[in-house]
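1. give the three-dimensional model of this entry:
(one chain, ligands or ions: 2)
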Amino acid sequence: MSSLFPALSDEPSERVALRFGERSLTYGGLAAAAGALGKRIRGADRVAVWATPALETAVAVVAALEAGVAAVPLNPKSGGKELEHILSDSRPALLLAAPGDEPPAPVSGLPRVDVEVIGSAVPAPAASVTGEDPALVVYTSGTTGPPKGAVIPRRAITGTLDALADAWQWTGDDVLVHGLPLFHVHGLVLGILGPLRRGGSVRHLGRFSTEGVTRELGAGATMLFGVPTMYHRIAQALPEEPELAAALGRARLLVSGSAALPVHDHERIAAATGRRVIERYGMTETLMNTSVRADGEPRAGTVGVPLPGVELRLVEEDGTPVASYDGETVGEIQVRGPNLFTGYLNRPDATEAAFTADGFFRTGDMAVRESDGYVRIVGRKATDLIKSGGYKIGAGEIENALLEHPGVREAAVTGEPDADLGERIVAWVVPEDAEAPPGAAELADHVAARLAPHKRPRVVRYLDTLPRNDMGKIMKRALNRD
Ligand code: MCA
Ligand code: AMP
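-> Numbering: from 1, shown residues only. Ligands and ions are numbered 1, 2, ... in the order given. Sure, this is the predicted structure:
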């Protein structure tokens, strides 16, 4: 398989590929830096990347992909327990990190290669790889247990990015702006590898802010990617920030994904800017499945039509496909195509359960289809998966972390609606000592330090007992009704 990034050798080398704040790298510079790093890591099976929102992360991932080495992006805010799990599961040979970064144990114990953004101008010879070879291992939460490593092959990345190029008329002339984290598919695959595959450029904000969006769209960026929380914050800021409305009005494409964009935010942005946000629907395991097309109708509450090459069907509980396009009959979304992952690392059981006999992936998302084929997502099968700020978080992993606190006897975790985050994590706790329960901030810190800050409960509610059914199973629906 040829390079994922033809522009590394084709483009005029002085064209800017990446910009993070004041630091930027041209295609020539990126080819040199990634080539030099690629030579040092070639032959490794997998490498971990300390995925800070910085130039070095992009260089490290491009170097790994060009060298035919799978990259495992690590959330630099992950806590010890989560990092331990990811390292023992993925067993990376090396850690790639920016000079000066000081990852904690157990990451600090890995043999380390510093990522330099300068390098020899001689590109390394192309690695001999096929489309089925793993490109990335991205960790994603399930309902129970620790996160699973989704093995994403090279053809899924090229397949999804080229399908998006078709749907969005995305070219090398586009300049993308975003402030997404670089350890998930949205920010890394779409937000960094996407522009590089097109030969265009990306300006990363380091950290999302409406001021950053105004500045970059005002200075010629053409596309914005974000999760609904970011668009909610934009919608909130618009009345106070007329320059933000003007900048959004100039953009070619505003794209939202990772969770549902509330219709209210969609309409507020449309009213203030004259531009409609388009939604696309994807998943770590499937990359992108559907999108509103650039030449299509951006209808609030819908995620558009299947991307080229993606087969999508809705399936009833008993496995019968939903034939109607009536906007009413709900079924689970199942997908098949070159965009799919190959399986969960070290988890043949989970991989087998995720696919049907005819090779469709069971997404767990529930949807209807409208008469013109537009997909409208209406819910999720698993109540134990929470989407907060666009991050998928399993209730089980937070419950397990809470139970490790000496002051917690029993714990249940649910999600409840939140205007900013979509859903907020709520911990229901039966304390060991009802007279002296651990405080909410203490429990939030406890979870943040073990797992990651975005997995911390935002609300803690104390109970004497958890509601359980005759089998002893916690009745979460009864909790949510309170
Ligand atoms: C707060 N912080 C703490 C604690 N509390 N740190 C340690 N202990 C604590 N108790 C820190 C946080 O680390 C963070 O640090 C800061 O305080 C604010 O945290 P938080 O309130 O959680 O952040 P936020 O401002 O609410 O973040 C909103 C956000 C974020 C920016 C929208 O949720 C986000 O980046 N979401 C993107 C998720 C995403 O990319 N999902 C894609 C996966 P500091 O100040 O240093 O930051 S889905 C996917 O990939 C599929 C394929 C798809 O379809 O896209
Ligand atoms: P993740 O597993 O973190 O990659 O998140 C994937 C999940 O995010 C999907 O299964 C959906 O539930 C949700 N999702 C992604 N994009 C959208 C969207 N545009 N609208 C609604 N839900 C979405």
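2. so stretch 352-370, near ligand 2 or not?
-> Yes - counting by Cβ under 6 Å from any ligand atom, ligand 2 has neighbours in stretch 352-370: 363, 365. Backbone N, C-alpha and C define where each C-beta goes, glycine included.
3. ends of that stretch, how far apart?
-> Across stretch 352-370, the terminal residues are separated by 31 Å (Cα to Cα, to the nearest Å).
4. wait, residue 195 sits on residue 189?
-> No - assessed by Cβ atoms under 8 Å, residue 195 is found out of contact with residue 189, at 11.1 Å.
5. each with direction, which strands does the helix or strand where residue 176 lies pair with?
-> Secondary-structure element containing residue 176, defined by DSSP states H and E: strand 175-178. Paired with strand 175-178 in the same sheet, following DSSP bridges, are strand 201-204 (parallel), strand 223-226 (parallel).
6. residue contacts, residue 27?
-> 7-8, 11-17, 199 (Cβ atoms under 8 Å, 6 or more residues apart in numbering).
7. among those, which one has the most neighbours?
-> residue 17 (28 neighbours; other Cβ atoms under 10 Å).
8. in the stretch 351-482 of the chain, what residue is nearest ligand 1?
-> residue 389 (2.4 Å; Cβ to the nearest ligand atom).
9. wouldn't that residue be in contact with residue 418 here?
-> No - counting by Cβ under 8 Å, residue 418 is not a contact partner of residue 389; they are 9.1 Å apart.
10. for these two, work out which one has more neighbours and name it.
-> Each of residue 389 and residue 418 had its neighbours counted (other Cβ under 10 Å), and the higher figure belongs to residue 389 (20 against 17).
11. list the residues that contact the more buried one.
-> Applying Cβ under 8 Å, 6+ apart, the residues near residue 389 are 227, 229, 421-422, 454.
12. so which of those are in helices?
-> Among the contacts of residue 389, the residues falling in helices (DSSP state H) are residue 229.
13. between which two of the contacts of residue 389 is the distance greatest?
-> Taking Cβ to Cβ, the two most distant members of the contacts of residue 389 are 422 and 454; they sit 12.1 Å apart.
14. list the buried residues in stretch 458-469.
-> 458, 460, 466-467 (16 or more other Cβ atoms under 10 Å).
15. of these, which is the nearest to residue 261?
-> Once Cβ to Cβ is applied, the member of the buried residues of stretch 458-469 that ends up nearest residue 261 is residue 458, at 20.6 Å.
16. touching, the closest one and residue 425? I think so.
-> Yes - contact criterion Cβ under 8 Å: residue 458 and residue 425 qualify, at 5.6 Å.
17. intersection of neighbour lists for those two?
-> What both residue 458 and residue 425 touch, as defined by Cβ under 8 Å, 6+ apart, is the set residue 388.
18. quick one, what contacts residue 462?
-> So residue 462 contacts 429-431, 434, 437 (Cβ under 8 Å, 6+ apart).
19. how about those residues, which pair is most distant?
-> Of all pairs in the contacts of residue 462, the most separated under Cβ to Cβ is 429 and 434 at 10.6 Å.
20. between these two, which is the more surrounded one?
-> residue 429 (26 against 11).
21. point out the residues in the stretch 51-200 of the chain that sit beside ligand 2.
-> So far as Cβ under 6 Å from any ligand atom goes, the stretch 51-200 of the chain lies against ligand 2 at 140, 185.
22. which parts of the stretch 51-200 of the chain are helices?
-> 55-66, 80-90, 154-168, 185, 194-198 (DSSP state H, counting those that start in this stretch).
23. out of those, which is closest to ligand 1?
-> helix 185 (3.6 Å).
24. what's the residue in the stretch 1-150 of the chain positioned nearest to ligand 1 in contact with, if anything?
-> Closest contact between the stretch 1-150 of the chain and ligand 1, by Cβ to the nearest ligand atom, is at residue 77 (5.1 Å). Going by Cβ under 8 Å, 6+ apart, residue 77 touches 452-454.
25. most neighbours of all those, which one?
-> Highest neighbour count within these: residue 452, with 22 neighbours (other Cβ under 10 Å).
26. can you add mean neighbour count and give the strands paired with strand 175-178 back as TSV?
-> Below are these laid out as TSV (neighbours: other Cβ atoms under 10 Å):
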stretch	mean neighbour count
strand 201-204	25
strand 223-226	25
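27. residue 168: which of those is closest?
-> For those, the distance to residue 168 is smallest for strand 223-226, at 7.8 Å, taking Cβ to Cβ.
28. how far is that closest one from where the chain is centred?
-> 14 Å (Cα atoms, centre = their mean, to the nearest Å).
29. do the same with stretch 424-438
-> Using Cα atoms, centre = their mean, the offset of stretch 424-438 from its chain centre is 31 Å.
30. gap between the two ends of that stretch?
-> With Cα to Cα applied, stretch 424-438 spans 20 Å between its terminal residues.
31. neighbours of the residue nearest to residue 419 when sequence neighbours are not counted, just the number please.
-> Once flanking residues are discounted, residue 419 sits nearest to residue 232: 6.8 Å by Cβ to Cβ, 6 or more residues apart in numbering. Other residues near residue 232 come to 24 when the count uses other Cβ under 10 Å.
32. how much space between residue 232 and residue 351?
-> As judged by Cβ to Cβ, to the nearest Å, residue 232 and residue 351 stand 35 Å apart.
33. just residue 5 next, same as before
-> Relative to residue 351, and taking Cβ to Cβ, residue 5 is found at 29 Å.
34. more neighbours: which of those two?
-> Counted by other Cβ under 10 Å, residue 5 and residue 351 do not tie: residue 5 has more neighbours, with 22 against 18.
35. picking that back up, now the strands paired with strand 175-178 in TSV, with mean pLDDT?
-> As requested, the strands paired with strand 175-178 are exported to TSV (pLDDT from 0 to 100):
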stretch	mean pLDDT
strand 201-204	98
strand 223-226	98
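36. quick one: closest of those strands to ligand 2.
-> Of all the strands paired with strand 175-178, strand 223-226 comes closest under Cβ to the nearest ligand atom, at 11.3 Å.
37. need the contact partners of the closest one.
-> 168, 170, 174-180, 186-187, 190-191, 208, 213, 217, 234, 248, 251-257.
38. show the model's pLDDT score for residue 383.
-> Listed pLDDT for residue 383 reads 87.
39. typed the wrong thing, it's residue 471
-> We note a pLDDT of 89 for residue 471 in this prediction.
40. mind listing what it touches?
-> So residue 471 contacts nothing (Cβ under 8 Å, 6+ apart).
41. give me the element it is part of.
-> Going by DSSP H and E, residue 471 is not in any helix or strand.
42. how many neighbours does residue 62 have?
-> Residue 62 has 28 nearby residues by other Cβ under 10 Å.
43. so who does it touch?
-> 5, 8, 30, 34, 193, 196.
44. which SS state does the fourth one fall under?
-> Meaning residue 34. Following DSSP: H, G, I helix; E, B strand; the rest coil, the label given to residue 34 is helix.
45. and for the first one?
-> Following three-state DSSP, we place residue 5 in the coil state.
46. let me see the ranges of the strands in the stretch 1-150 of the chain.
-> 16-20, 23-26, 46-50, 70-74, 94-97, 112-114, 134-140, 148-153 (DSSP state E, counting those that start in this stretch).
47. run through who's touching the shortest one.
-> I take that to be strand 112-114. Residues contacting strand 112-114 (Cβ under 8 Å, 6+ apart): 37, 40-41, 47, 94-99.
48. and stretch 95-112, what's buried?
-> Neighbour-count burial for stretch 95-112 [16+ other Cβ under 10 Å]: 95-98, 101, 103, 107, 110, 112.
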